[in-house]
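In: after the sequence you'll find the predicted model.
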Amino acid sequence: MADMLDYLAWRGDIEFTQMPVNPVDALIFSTLSYIQFEDIIPDNPHQSISLEEAAAGLFSLSAPQTRVRVKKDLELLEAAAKSARFDNIKMSFYRSVLIPEEETQFAAVTFFLEDGSAYIAFRGTNSTLTGWKEDFNMTFQQTIPAQRLALQYTREVALEMMRPMRLGGHSKGGNLAVFAAARSSPMIQQQILEVFNHDGPGFTQYLMGDPGYIAMVPKIRTYIPQSSVIGMLLEHEEPYT
């Protein structure tokens, strides 16, 4: 079965100014958000580095494999950094929060594309106990800290950059992307082109009738694997592929 590496080998020479973001690009951005880019990508909105530079910074470390979930993530980063489609994309607003006593695990990074748009990628659950406890809290709490941080992060990026943007993430990251879009102001919602939810869980019933969520449903693109478990949890209103 073909994967993201095959896609980069096949279409990595086509820049975003020639072909807009598609679901596989979105999945690549969402996957790259799992990489721990601390001290490499700035959080300052007035500073950014290219994906190629971020990859070089990570691979210059003595043990880059400790910064990723699985070896394939390093392979994906290397392939993306060598492709004409991804190499010059700017990265900024890197943020990672882990507060065990508050059961909070959150991370996000923003990619600025050459076509003038941005992609906000929210990280899913990491390997920490804190991350898994927060996931459990999602099943019975109306909101969790990571969702509130995702909303705040989206507002910061939107107001600072004022450009069209897409939101996305895998697993819990997909849930954060949908929540942030649904709870954003109407002005920010107008900036949002699409929301990519890659196998992310839904919500408790309270969000289903929220006007902001209803307004965003036509822009939500949900993708789940045939064997999905996490992506089928809780309530969804949007269709899925």
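Out: On my side now, so go ahead.

In: G212 touches A182, doesn't it?
Out: Yes: if you go by Cβ atoms under 8 Å, G212 and A182 touch, sitting 4.6 Å apart. No exception for glycine: its C-beta is placed from N, CA and C like everyone else's.

In: more neighbours: these two, which one.
Out: A182 (22 against 16; other Cβ atoms under 10 Å).

In: who's in contact with the more buried one?
Out: Neighbouring residues of A182 by Cβ atoms under 8 Å, 6 or more residues apart in numbering: L207, D210, G212, Y213, A215, M216.

In: report pLDDT for the fourth one.
Out: If I follow you right, that is Y213. Y213 carries a pLDDT value of 87.

In: before we move on, what about G200?
Out: pLDDT at G200 comes out at 85.

In: what packs against the strand or helix carrying F29?
Out: F29 is part of helix 23-32, with elements assigned from DSSP states H and E. Other helices and strands packing on helix 23-32, by 3 or more Cβ pairs under 8 Å, 6 or more residues apart in numbering; DSSP states H and E, are helix 4-11, helix 71-81, strand 118-122, strand 165-170, strand 192-198, strand 220-223.

In: rewinding a little: so can I have TSV of the contacts of A182 showing secondary structure and distance to R155?
Out: Formatted as TSV, these follow (DSSP: H, G, I helix; E, B strand; the rest coil; distance: Cβ to Cβ, whole Å):
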residue	secondary structure	distance to R155
L207	helix	18
D210	coil	17
G212	helix	13
Y213	helix	17
A215	helix	16
M216	helix	15
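
In: picking up where we left off before, now, of the helices and strands packed on helix 23-32, which is deepest in the fold?
Out: Using mean count of other Cβ atoms under 10 Å, the stretch among the helices and strands packed on helix 23-32 with the largest mean neighbour count is strand 165-170, at a mean of 29.
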